[in-house]
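Enquirer: Any chance you can model this:
(one chain, ligands or ions: 2)
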Amino acid sequence: MGSQDAALSSSSFLDDKSAKVFVSGHRGLVGSAIVRKLTELGFTNLILRSHAELDLTRQSDVEAFFASTKPEYVIVAAAKVGGIHANNTYPADFIAINLQIQTNVIDSAYRNGAKKLLFLGSSCIYPKFAPQPIPEDALLTGPLEPTNEWYAIAKIAGIKMCQAYRIQHKWDAISGMPTNLYGPNDNFHPENSHVLPALMRRFHEAKVNGAKEVVVWGTGSPLREFLHVDDLADAVVFMMEKYSGLEHLNVGSGKEVTIKELAESMKEVVGFEGDLVWDSTKPDGTPRKLMDSSKLAALGWTPKVSLKDGLVDTYKWYLENVKQ
Ligand SMILES: NC(=O)C1=CN([C@@H]2O[C@H](COP(=O)(O)OP(=O)(O)OC[C@H]3O[C@@H](n4cnc5c(N)ncnc54)[C@H](OP(=O)(O)O)[C@@H]3O)[C@@H](O)[C@H]2O)C=CC1
Ligand SMILES: C[C@H]1O[C@H](OP(=O)(O)OP(=O)(O)OC[C@H]2O[C@@H](n3cnc4c(=O)[nH]c(N)nc43)[C@H](O)[C@@H]2O)[C@@H](O)[C@@H](O)C1=O
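Expert: Residues are numbered from 1 along each chain as shown. Ligands and ions are numbered 1, 2, ... in the order given. This is a model prediction of the structure:
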């Protein structure tokens, strides 16, 4: 990381809890966790708009919103998001909607005087066969994973847009690349969700319905890194406070499991007693995507929630909040 990249923020995000902070996508997995974290820290002036109130793909609406609210800080947690099946099925939506949202928000935030913006990408930006653990400079060094390359291209464009606005306008836009996330308010859709919430729902419904087996997609051999969304929210606040650099930063737990191990842990946490059946007609996706998050660690951030504890807490939340 060059001296500019290692620059620590001079102005302090945490100093003024009455500052206007726009958290886009505040009802989603990540946005709602960030709102919980900022509220817990005593922030009193969060600016929140649902998708129905403000469609961030509509440039003129986004420009009018920023002109009227003038947020001082902006966190981009709104996006078109989904698991491997959704990405593989709706490539046009994943590239178009994400490019529109991030381009509108980043540009309007700059033009309306925001002090700092944090953009969220994803670990899928890296090449399918990147060195493991994946360092930030592996970006654009090889072909992407075909099942989510459209989403990945949009996210890479978001990183580059933040860098371009820092270079040309000397504007404090930064990017974080989270690994696979999970937790309260996740998307539990049976087809379009990510693996962890999909399996939680499927094992739960199998237990409740007395099913003898649960189908799990793929071969079970891919490895995935998981981070609880409350840890991500903590990292977002940490980066808003401590980081102002050109390069994006990886935000991971540093721990990976096979999908088979995840399924077995989920089976135990949910208390399902039947068998697992593997549907190898479904794609495995990238074989592994463990990120090297040592740059963020060097700045002083570490994750706190273990996968086992996170699974237990998330299932507890699921039972209390998701329609049975
Ligand atoms: N979940 C994960 O495993 C990971 C997520 N990330 C990143 O974190 C960010 C948030 O993801 P996550 O919280 O999981 O996603 P969610 O789908 O849970 O939340 C996304 C939010 O964005 C809103 N949104 C979508 N389209 C629009 C739009 N056109 N205008 C306004 N709001 C919109 C959604 O509202 P509505 O539902 O009403 O449409 C929703 O509230 C994304 O940038 C994603 O790439 C990165 C790595 C992993
Ligand atoms: C965060 C990241 O998430 C996405 O990448 P992904 O990690 O491959 O996504 P996934 O969670 O959907 O799958 C992980 C693995 O799990 C297996 N798997 C088993 N059974 C189910 C299942 O029932 N559902 C799903 N979705 N996967 C399953 C599945 O076959 C695959 O091997 C990107 O699209 C993109 O959104 C992105 O950036």
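Enquirer: quick one: the strands in this protein?
Expert: For the chain, applying DSSP state E gives strands covering 21-24, 46-47, 73-76, 116-120, 172-178, 180-182, 213-217, 223-228, 249-251, 256-258, 275-279.
Enquirer: quick one, the fourth one and strand 172-178 angle?
Expert: Think strand 116-120. Calculated by axes from the mean of the first three to the mean of the last three Cα atoms, to 10 degrees, strand 116-120 forms an angle of 20 degrees with strand 172-178.
Enquirer: residues in the stretch 151-300 of the chain within reach of ligand 2, list them.
Expert: Applying Cβ under 6 Å from any ligand atom, we find that the stretch 151-300 of the chain lies next to ligand 2 at 151, 180, 193-195, 198-199, 216-218, 222, 224, 259, 282-285. Using the backbone N, CA and C atoms, a C-beta is placed for each residue, glycine as well.
Enquirer: List only buried entries from these.
Expert: The neighbour-count test (16 or more other Cβ atoms under 10 Å) marks 151, 180, 193-195, 198-199, 216-218, 222, 224, 259, 283-285 as buried among these.
Enquirer: neighbours around the residue in the chain that ligand 1 sits nearest to, how many?
Expert: Of all residues in the chain, Gly28 sits closest to ligand 1, at 2.0 Å by Cβ to the nearest ligand atom. By other Cβ atoms under 10 Å, 20 other residues sit near Gly28.
Enquirer: quick one: low-confidence ranges for the stretch 1-150 of the chain?
Expert: Low-confidence segments of the stretch 1-150 of the chain (pLDDT under 70): 1-11.
Enquirer: is it true that the residue of the chain closest to ligand 1 touches Lys80?
Expert: No. In this structure, Gly28 is not within contact of Lys80 by Cβ atoms under 8 Å, at 10.7 Å.
Enquirer: Quick check: residues of the stretch 1-150 of the chain near ligand 2?
Expert: Going by Cβ under 6 Å from any ligand atom, the residues of the stretch 1-150 of the chain near ligand 2 are Gly82, Gly83, Ile84, His85, Asn87, Ser122, Ser123, Cys124, Asn148.
Enquirer: For burial, what's the neighbour tally of the third one?
Expert: What that stands for is Ile84. Ile84 - counted by other Cβ under 10 Å - has 24 other residues nearby.
Enquirer: wait, it sits on Pro283?
Expert: Yes. Counting by Cβ under 8 Å, Ile84 does reach Pro283; the two are 5.8 Å apart.
Enquirer: Could you measure from Gly25 over to Lys80?
Expert: As judged by Cβ to Cβ, to the nearest Å, Gly25 and Lys80 stand 10 Å apart.
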